[in-house]
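Colleague: Model the following, please.
(one chain, ligands or ions: 1)
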Amino acid sequence: MKDILPFETVALNDEDSALVIVDQTKLPNEAEILRLKELPDIRNAIRTLQVRGAPAIGVAAAFGLYLAVKHSEARTFEAFAAELKAAKDSLNTARPTAVNLSWALNRMEKAAHRYQDKPVARIIKLLHEECMAIYEEDILMCRRIGEHGLRLLKDGDGILTHCNAGQLATSKYGTALSPVHLGRERGMNFRVYADETRPLLQGARLTAFELMAGGMDVTVICDNMASQVMKNGWVQAVLVGCDRVAKNGDVCNKIGTSALAILAKHYGIPFYVLGPSSTIDMSIETGEDIPIEQRAAEEVTTLWYQKPMAPEGVQVYNPAFDVTPNALVTAIITERGILRPPYSEALAADFSVITPKNTP
Ligand code: MRU
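Modeller: Residues are numbered from 1 along each chain as shown. Got it, this is the predicted structure:
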C-alpha cells in the first residue's frame, strides 16, 4: 500500500536520539514535525495527544523507553533495570485506557530481563531491535487487518467511522481505516462518513484529513447525525478501532462508539471492530474492568471556540472512552482473522495458538 501522507505518524531517528512525530493537535492546519529527546517531553506528547491512537501510543512509548535508557551509564543489570523501570512507570501513566501502551512497555522490559546476563551496552542494542520490531510488526498487523476487513466490504459501500483509526493512529495503514485505504488502492470506491468525534474532533480533523489526502470520498458529520445518516440508507457498515478489548469481547473505544453500536443494531447495519492483537487484554474479564480516562472540562467548553461556549464554572463530564457490550459487535477483526461471537470462545481459541514465535 502506498503512503498517503507525506510524513510518518511515529518514527525513531536513532542517529539524533529522537522520537519523531507529527503534532496531531495542530492537524489539519499545520503538519508540525516534533523531535522529542527527553522522557518528560515524550510522556507529555502521549498525555496531550500530540501522538495518539492506541497502536501509535504503544510504538511511541517503546521508542521513548529505548531513548530513555539509550545513554545509560549503569554498570550492573540491577542499576540498568531500575532506570528502565522508572522510565517505564513514567510513560505507563501517561494515559490509562489503551492497553497497547502497557503492552509495548512490558514487552520492552521483558526483553531487557531476557538478556540480563549480557553487558548493558548490548542490552541497549537489543532494546533498539525490540522497539523497531514493535514498530514493524504494527505495520504488518495493520496491513493484515486491512486484508481481512476488506473481505467484509463491497465496492460502493457507505462506511461510518468514529474518531481516527487510520494511519494517524498507527505506524501505518490504520486499523478501522486500513480496509478503506487498501480497497481504494485496489480500485474500489467507498463513501466514508466521519463522525466529528467530540470533544477533540479526531474525526473532523484527522480522519477527514487523511482520507482526503488519499483522494477518498469523505463527509464529516456531527456525532448526533449518525442516526439520520443510517436511516437514509447511506451506511452499509460501521468500522471502528479499539483501545482495549476484554476477554469476553467487550470493546472500549473513543466515547460515542457504544451509541453507534446501538444505532447500528437498530438499523440492521453490521458493526465491525478492528484492531491488532496488542489491543486485546486477556487479563481483563469484561469491559467493566477497563479504566476510562477522564479529561479536562476545557476540552468541552473552550478548546475550539473563540469564546467559552458554556457558562463559566459549569460541571462537565468528559470521559474519553466508552465500552460497547460484546452483544452489539458483529465481528472483531485482528491481524489473525475475523472473529465472530461468542467472543469468549473465539478469543480464547485465537490466543491459545499464540506462541512466542508468532506473538506480534
Ligand atoms: O484519544 P485517542 O485519540 O487516542 O483515541 C483513539 C481512539 O479511540 C481510536 O479509535 C482507537 O485508539 C483505535 S486506533 C487504531
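Colleague: CA atoms for contacts and neighbours, from now on please.
Modeller: Noted.
Colleague: Asn253 sits in which helix or strand?
Modeller: Here Asn253 sits within strand 251-254, counting by DSSP states H and E.
Colleague: same for that strand, what does it pack against?
Modeller: Packing partners of strand 251-254 (3 or more CA pairs under 8 Å, 6 or more residues apart in numbering; DSSP states H and E): strand 244-246, strand 321-324.
Colleague: For that strand, give me every contacting residue.
Modeller: 162-163, 240-245, 273, 287, 290, 320-326 (CA atoms under 8 Å, 6 or more residues apart in numbering).
Colleague: So in that sheet, which strands flank that strand, and in what orientation?
Modeller: Paired strands of strand 251-254, with direction, are strand 244-246 (antiparallel), strand 321-324 (antiparallel) (DSSP bridges).
Colleague: winner for burial among the helices and strands packed on strand 251-254?
Modeller: Across the helices and strands packed on strand 251-254, averaging neighbours per residue (mean count of other CA atoms under 10 Å) puts strand 244-246 on top, at a mean of 28.
Colleague: hey, where'd the strands end up in this structure?
Modeller: 10-13, 18-22, 33-36, 158-161, 191-195, 217-221, 237-240, 244-246, 251-254, 271-274, 280-281, 321-324, 331-334, 337-339 (DSSP state E).
Colleague: and these as CSV, adding mean pLDDT?
Modeller: Output for the strands of the chain, formatted as CSV (pLDDT from 0 to 100):
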stretch, mean pLDDT
strand 10-13, 98
strand 18-22, 98
strand 33-36, 98
strand 158-161, 98
strand 191-195, 98
strand 217-221, 98
strand 237-240, 98
strand 244-246, 97
strand 251-254, 98
strand 271-274, 98
strand 280-281, 96
strand 321-324, 98
strand 331-334, 98
strand 337-339, 97
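Colleague: What's the biggest helix in the chain, counting residues?
Modeller: Looking across the chain with DSSP state H, the single longest helix is helix 120-150.
Colleague: Any regions of the stretch 1-150 of the chain where pLDDT drops low?
Modeller: Across the stretch 1-150 of the chain, nothing is flagged by pLDDT under 70.
Colleague: Show me what from it comes close to the ligand.
Modeller: 52-55 (CA under 6 Å from any ligand atom).
Colleague: The same query, at a cut-off of 5 Å, please.
Modeller: Within the stretch 1-150 of the chain, the residues that sit near the ligand (CA under 5 Å from any ligand atom) are 52-54.
Colleague: quick check: domain ranges of the protein?
Modeller: 10-142, 145-351 (automatic domain parsing).
Colleague: so which of the ones you listed comes closest to Asp3?
Modeller: domain 145-351 (8.0 Å; CA to CA).
Colleague: What is the end-to-end distance of the closest one?
Modeller: Start-to-end span of domain 145-351 (CA to CA, to the nearest Å) is 16 Å.
Colleague: One more: stretch 304-322?
Modeller: Start-to-end, stretch 304-322 (CA to CA) is 22 Å.
Colleague: mind checking how far the residue lying closest to His148 once chain neighbours are set aside is from the ligand?
Modeller: In this structure, His148 finds its nearest non-sequential neighbour in Gly337, 6.0 Å apart by CA to CA, 6 or more residues apart in numbering. Distance of Gly337 to the ligand, given as CA to the nearest ligand atom, to the nearest Å: 16 Å.
Colleague: show me where pLDDT drops low in the stretch 251-360 of the chain?
Modeller: In the stretch 251-360 of the chain (pLDDT under 70), the answer is 352-360.
Colleague: Pull up the residues of it that are close to the ligand.
Modeller: Close to the ligand, as judged by CA under 5 Å from any ligand atom, the stretch 251-360 of the chain has residues 253-254.
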